[in-house]
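In: please find the sequence and the predicted model below.
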Amino acid sequence: MKELRLFISGLGHVGRALLGRLSEPDAADFAACGLADSSGAFSAPGGLGREALPGLAEGKRLGGRLADLAPGCGLRREAGTREALEASGAGILVELSPTDPLTGGPALVTALAALELGMDLVFASKGALVAAWDRLEAAASAGGGRILHSATVGGGMPVIDAGRAFSRGNPIQRIEALLNGTSVYVLSMMEGGLSVEQAVAQAQAAGLAEADPSADLDGLDAACKLCILARSVMGLPLALGDVERQSVREASPEAVASALERGERLRAVAVLERTGGGLSASVRLGSVPASSPLARTGSENAVIFHSLNAGDLTVLGKGAGPRETASAVYRDLLVLRDLRQGL
């Protein structure tokens, strides 16, 4: 089979990890034929050589812009993203741009352009799905493309895949989850006596929290993931504004210590539940028994699917990290490859 041609939009931590994965020998089914970052959109219709990908990833890690790195690896700057998508000849867009859950941001514009061109789409970026799920689905239907997004929830964990498989003929009634590794890490560090501010600083030093950790600490990231789970596993829409949120900043060392004394742990628990014909959703601080799957430590995630007919299914693992998330993107690419081969 001919190589599947990829256009990768977004070259942050996950994008760089994906470039590294695509440079490995077993990734021979895929060719990077276009790249974009905040400095512009570029095409390489003949495909970038695998030997060029690690150098590009390293250049970006060191703070380089694609506009400056492009001439040395055969990338051609195009007038805009749509022009780059067309010139690349790519059949799959990998959308890894920063998340904007209110408007969808540039990721939505790029995704819609790709779908109009009949491309398939793999998302790790959550914002466009949260802001414009119906619009994206309509564009995919009109253009004949497919949308895969297993990397948007749980990093490398197959949360969406597992939930979808478990829910076949077995409706999911309730989901309880730890969906944000940074929050788990901060609350874990507070168990050792640190304040919220000290724990956040430690998370930032460990590379687990952004310079502005608001989306993680204030429940926005977990709320976005609940919106995606609502659609993909429970088959119902959920607006971001309908998710009740409580910030980890409200956790006190005293509350954390008190939970430990009771044999419990304080965690930011995300809950999604059927209520009549709709859903209720929240991300709130709560005490969970130390024996519960939700009492994870470090930066691990946990998702418990409570079903109507088959009991519970629990998925545990490392739900964050560039390599882990890139592995989920690569998993979706393999699914698309198999679909195209009729497997």
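Out: Sure, I can see it.

In: run through the bridge partners of the residue nearest to residue 81 when sequence neighbours are not counted.
Out: Nearest residue to residue 81, sequence neighbours excluded (Cβ to Cβ, 6 or more residues apart in numbering): residue 41, at 4.4 Å. All C-beta spots, glycine's among them, are computed from the backbone N, C-alpha and C. Residue 41 has these beta-bridge partners by DSSP bridges: residue 36.

In: is it true that residue 41 touches residue 88?
Out: No - because the distance of 9.0 Å does not satisfy Cβ atoms under 8 Å, residue 41 is recorded as not touching residue 88.

In: now the common contact residues for the two.
Out: Common contacts of residue 41 and residue 88, defined by Cβ atoms under 8 Å, 6 or more residues apart in numbering, comprise residue 34.

In: can you pull the buried residues of stretch 321-334?
Out: Under the neighbour-count criterion of 16 or more other Cβ atoms under 10 Å, stretch 321-334 has 321-333 buried.

In: now stretch 106-120
Out: Buried, per 16+ other Cβ under 10 Å, within stretch 106-120: 106-115, 117, 119-120.

In: could you do stretch 20-32 as well?
Out: Quick answer for stretch 20-32 (16+ other Cβ under 10 Å): 20-23, 27, 29-32.

In: turn the buried residues of stretch 106-120 into TSV, including pLDDT.
Out: Converted to TSV, the buried residues of stretch 106-120 look like this (pLDDT from 0 to 100):
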residue	pLDDT
106	94
107	96
108	97
109	96
110	97
111	97
112	97
113	97
114	97
115	97
117	96
119	97
120	97
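
In: ok, residues contacting the longest helix along the chain?
Out: Ranked by residue count, the top helix of the chain under DSSP state H comes out as helix 322-340. Residues from elsewhere that reach helix 322-340 (Cβ under 8 Å, 6+ apart): 1, 4, 6, 13-14, 16-18, 20-21, 27, 29-30, 92, 94, 96, 120, 122, 124, 146, 148-151, 154-158, 318.

In: try it again with 7 Å
Out: Residues outside helix 322-340 that contact it (Cβ atoms under 7 Å, 6 or more residues apart in numbering): 4, 13-14, 16-18, 21, 29-30, 92, 94, 120, 122, 124, 146, 148, 150-151, 155-156, 318.

In: poorly predicted segments of the stretch 201-343 of the chain, please.
Out: The stretch 201-343 of the chain contains residues with pLDDT under 70 at 343.

In: now do the strands in it.
Out: 243-245, 264-275, 278-289, 300-307, 312-318 (DSSP state E, counting those that start in this stretch).

In: please apply the same query to the stretch 51-200 of the chain.
Out: Going by DSSP E, counting those that start in this stretch, the stretch 51-200 of the chain shows strands at 76-77, 92-95, 120-123, 147-148, 172-178.

In: can you say which of those is packed in most?
Out: Each of the strands of the stretch 51-200 of the chain was scored by mean neighbour count; the highest is strand 92-95, a mean of 28, by mean count of other Cβ atoms under 10 Å.

In: and the average pLDDT for that one is what?
Out: On average, the pLDDT along strand 92-95 is 98.

In: pretty sure residue 16 sits in a strand.
Out: No - counting by DSSP: H, G, I helix; E, B strand; the rest coil, residue 16 is not found in a strand; it is helix.

In: if we can go back for a sec, residues touching the residue nearest to residue 81, list them.
Out: Contact analysis of residue 41 by Cβ under 7 Å, 6+ apart lists 78, 80-81, 84.

In: three-state assignment of residue 32?
Out: Put simply, residue 32 is strand when judged by three-state DSSP.

In: give me the contact list for stretch 47-65.
Out: 3, 5, 11, 16, 19-20, 22-23, 31-33, 37, 39, 69, 73-74.

In: can you give me the end-to-end span of that stretch?
Out: Distance across stretch 47-65, first residue to last, is 20 Å (Cα to Cα, to the nearest Å).

In: what distance do you get for residue 24 to residue 330?
Out: 10 Å (Cβ to Cβ, to the nearest Å).

In: what count of nearby residues applies to residue 211?
Out: 5 (other Cβ atoms under 10 Å).

In: equivalent analysis for residue 227, please.
Out: Counted by other Cβ under 10 Å, the residues lying close to residue 227 total 26.

In: quick one: residues contacting it.
Out: 130, 238, 240.

In: which two among the contacts of residue 41 are spaced furthest apart?
Out: Spatial extent of the contacts of residue 41 (Cβ to Cβ) is set by the pair 78 and 81 at 7.9 Å.

In: quick revisit: and the strands of the stretch 51-200 of the chain as a markdown table, adding distance to residue 279?
Out: Shown next, in a markdown table, are those (distance: least, Cβ to Cβ, whole Å):
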| stretch | distance to residue 279 |
| --- | --- |
| strand 76-77 | 45 |
| strand 92-95 | 26 |
| strand 120-123 | 21 |
| strand 147-148 | 21 |
| strand 172-178 | 10 |
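
In: out of the ones you listed, which gets nearest to residue 224?
Out: Comparing the strands of the stretch 51-200 of the chain by Cβ to Cβ, strand 120-123 comes nearest, at 11.8 Å.

In: dump the strands of the stretch 201-343 of the chain to CSV, plus mean neighbour count and distance to residue 229.
Out: Compiled in CSV, the strands of the stretch 201-343 of the chain are given as follows (neighbours: other Cβ atoms under 10 Å; distance: least, Cβ to Cβ, whole Å):
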stretch, mean neighbour count, distance to residue 229
strand 243-245, 18, 11
strand 264-275, 21, 6
strand 278-289, 19, 9
strand 300-307, 22, 8
strand 312-318, 16, 12
